[in-house]
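Q: sharing a model prediction with you, sequence too.
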Amino acid sequence: MIAVADLTFTYPNSVTIFEGFSWHVARGEVWAVIGESGCGKSTLLMLIAGLHQPTAGSVLVAGERLERPRPSTGLILQDYGLLPWATVWDNVALGLKIRRFYGPDGKHAPAGEDLATWAERVDHWLARLNIAHVARRYPNQISGGQRQRTAIARTLVLRPDLLLMDEPFGALDAVTREDLQALTMELHTEQGLTTVIVTHNIEDAATMGQRILVLGQFPHRRAVTVDNPAAGQPGHRTSAEFLAICNHLRSLLGGVSDEPA
Amino acid sequence: MSRRDLGLGLLTTLVLWQLLAWVIGRTVFPPPAKVLAAFVQDIPGDLGRHFLISAWRVSAAIILSVLTAVPLGLGLGQIATLNRLFSPLIYIVYPIPKIVLLPVILVLLGSGDTSKIFIIAIILFFQVLVVVRDAAADLRPELILSVRSIGAGRRALYRFVYLPAAIPAVLTALRVSVGTAIAVLFIAESFATTSGLGYYIITETWGVLKYAEMYSGVLAMSLLGLSLYFVVDVLDRRLCPWREAR
C-alpha cells in the first residue's frame, strides 16, 4: 500500500530528516509511528499524504507516485483541522462538497464516483460515530472527543482506503482516548483500512500499532520496526506482552541509532 | 443590543440634550422637541431627498471597497511573494489621511457622485484590505493542510476556506470604519455640491441660521450611521452565527 524507497527529504532550511530511507506498509496493516516531537514523524505522514514532495527517492501509495494529495487517502491532523465557521454536519460534508465542486475529475475526486446520495452518506457517518445529536453545533461548542469524531467522520465519508492520523488522541482525557482507540480499531476491522498512526506516546503506539516504526534522531537512514501482532485484541492492554512491548519501545527510543549494530 | 437597552440609550440622550439646551440657552443649541418637529416636517421633502442621496453614496462606496479589497486582501494574505511585494507600499500609504486628496479627486473626477463615492471607497478599501489580508494570513496552516488533504485545490480553498474566513473580517472592518465613512461623506458633501446631508447641514441650514433644521440634518446623518451599524450587525448574525456560539 505504501512503498517508501530510498527517500531523502530535506527542508528548505537544509535540515535533512530522511536520507536513503526505505519502509513498506502492506494493505490492511495498522502501523504506529513513534518518536519524540520534532523527530520527523509528521513529516513522514505529510510525504505519504502527498502534501510534501521528496527531495530524492520515491513515495508510492497504491503503486502511484504522489504529486498532490490522493483522493482516497484520509488524513486526520492533531488539531482536527475543522472549519470553525461550519457546523459539525457541514464539516463532515466538506470533502463531499469539494468533490461536487470539482466533479469526478479523477484528480481532486475519484473518477466515476456517484455523489447523488452524498447527504445520506454524511448522515450515515454522523450516526455511526455517534455525533448526530451535535450535527447543528459548531466545533467550539462540542467536546474534544466529539471534535475528533467529527474529523474521523469527515475522512471516512470519503471512503478512503488509507487512513493517516497525526497524534489523534493527544489532547484527550484518558476515557475518551481509550474510547476513540477502540473505535479506530473497530473501524479498521470493519472497513479493512490500512492505517498509519503517528504518536509520541509509547502506550498509544503499543495499544494500536500491530507494527510499530520507531524514529529516533534524524536523519533517519533505516526503518527500525517492532512487531506487535496482538494490538487491538481484547485484553491486550493488560497483558504482560503489552508491558514488554512498551519497555522495548522505551529502550529503543532511548538509544535508537543509525549505526549498524 | 436588546430593544430595551436601545430605548434606554435613546431616552438618556434626549434627557442630556434637553439639559444641555437649558444650560446653554442659545438658539445655536435648540432643545430636542424643536429639532424633532423640524425633522418630522422636512423628512418627507428636502431632507429626505438629501438623506437618500447620502445613503446611496456611502452604500455604493462600501460595496465598491468590499468588492475590490476582499479579493486583493485574500491574495496578499495567502501568496507570500505578493505580500512581500506590496506590503511596504500598503504600510506607507495606509496612514496617509486620504481625505487630504479630496481637492485632487474633485479636480480629476468632478463634483458629482463619483468623486464622493471614490474618496469614501479608498478610505474603506485600505481598512478592509488590511483586515482581510491579516485574516487570510492568520489561518492556521494545519487547517489549510487538512482541507487540501480531502481534495481541495486552490479554487476550492478560496470557496470553502478563504472566503468564509474573510466574511467576519470584512464585517469587523466595516463596523470600525462606518463612522469614518460618514465623517468623510460630510466633508465631501460640505462644499462644491448641491446635494446630500452635508450640503443640507452646511449650506441650506447653517448658512442661513436655521438651527433647528440644521440639527435635523445632524439627526438624519446619525440615523444613517446607526442604520449602517444595524445592517452590519444583522449581516454578522446571519452570516457568522458561529461567532456568537462560543
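A: Good, I have the coordinates. Quantities reported herein were computed from a predicted structural model and do not represent experimental measurements. Numbering: from 1, shown residues only, chains lettered A, B, ... in the order given.
Q: what about residue 101, neighbour count?
A: Picking chain A for this. Neighbours of residue A:101 under the rule other CB atoms under 10 Å in any protein chain shown: 16. The way it works is simple: take the backbone N, C-alpha and C, and place the C-beta from them, glycine included.
Q: not quite, I wanted chain B
A: Neighbours of residue B:101 using other CB under 10 Å come to 15.
Q: with residue A:19 instead?
A: Neighbours of residue A:19 (other CB under 10 Å): 19.
Q: residues contacting stretch A:234-246, please?
A: A:202-203, A:206-207, A:212, A:226, A:228, A:230 (CB atoms under 8 Å, 6 or more residues apart in numbering or on different chains).
Q: what do you get if the cut-off is 6 Å, keeping everything else the same?
A: A:202, A:206-207, A:228, A:230 (CB atoms under 6 Å, 6 or more residues apart in numbering or on different chains).
Q: avg pLDDT for stretch A:224-231?
A: Mean pLDDT, stretch A:224-231: 84.
Q: quick check: end-to-end length of that stretch?
A: 18 Å (CA to CA, to the nearest Å).
Q: and residue B:122, what element?
A: helix B:113-138 (DSSP states H and E).
Q: can you get me a residue count around residue A:212?
A: For residue A:212, using other CB under 10 Å, the count is 26.
Q: on the three-state scheme, the nearest residue in space to it that is not next to it in sequence is what?
A: Leaving aside its chain neighbours, residue A:212 sits nearest to residue A:226 (4.4 Å; criterion: CB to CB, 6 or more residues apart in numbering or on different chains). Counting by DSSP: H, G, I helix; E, B strand; the rest coil, the backbone at residue A:226 sits in strand.
Q: among the contacts of stretch A:234-246, which lie within helices?
A: Using DSSP state H, the members of those that fall in helices are A:202, A:206-207.
Q: show me how to select, in ChimeraX, the buried members of those residues.
A: Buried members of the ones in helices among the contacts of stretch A:234-246, identified by 16 or more other CB atoms under 10 Å in any protein chain shown, are gathered into one ChimeraX selection as follows:
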select /A:202,206,207
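Q: which among the ones in helices among the contacts of stretch A:234-246 gets closest to residue A:108?
A: Ranked by distance to residue A:108 (CB to CB), the ones in helices among the contacts of stretch A:234-246 are led by residue A:207 at 34.7 Å.
Q: which residues in chain A form strands?
A: Secondary structure of chain A (DSSP state E): strands located at A:2-10, A:16-25, A:30-34, A:56-61, A:64-65, A:73-76, A:162-166, A:194-199, A:211-214, A:224-227.
Q: which residue is the nearest non-sequential neighbour of the most centrally placed residue in chain B?
A: Centroid-nearest residue in chain B: residue B:178, 2.3 Å away (criterion: CA atoms, centre = their mean). Nearest residue to residue B:178, sequence neighbours excluded (CB to CB, 6+ apart): residue B:228, at 4.7 Å.
Q: what of residue B:168?
A: Nearest one to residue B:168, counting by CB to CB, 6+ apart, is residue B:240 at 4.9 Å.
Q: what parts of chain B come near chain A?
A: B:142-143, B:145-146, B:148-153, B:156, B:164, B:242, B:245-246 (CB under 6 Å from any CB of the partner chain).
Q: so who does the residue in chain A positioned nearest to chain B touch?
A: Chain A approaches chain B most closely through residue A:81 (2.7 Å), counting by CB to the nearest CB. Residues in contact with residue A:81 (CB under 6 Å, 6+ apart) are B:142-143, B:146.
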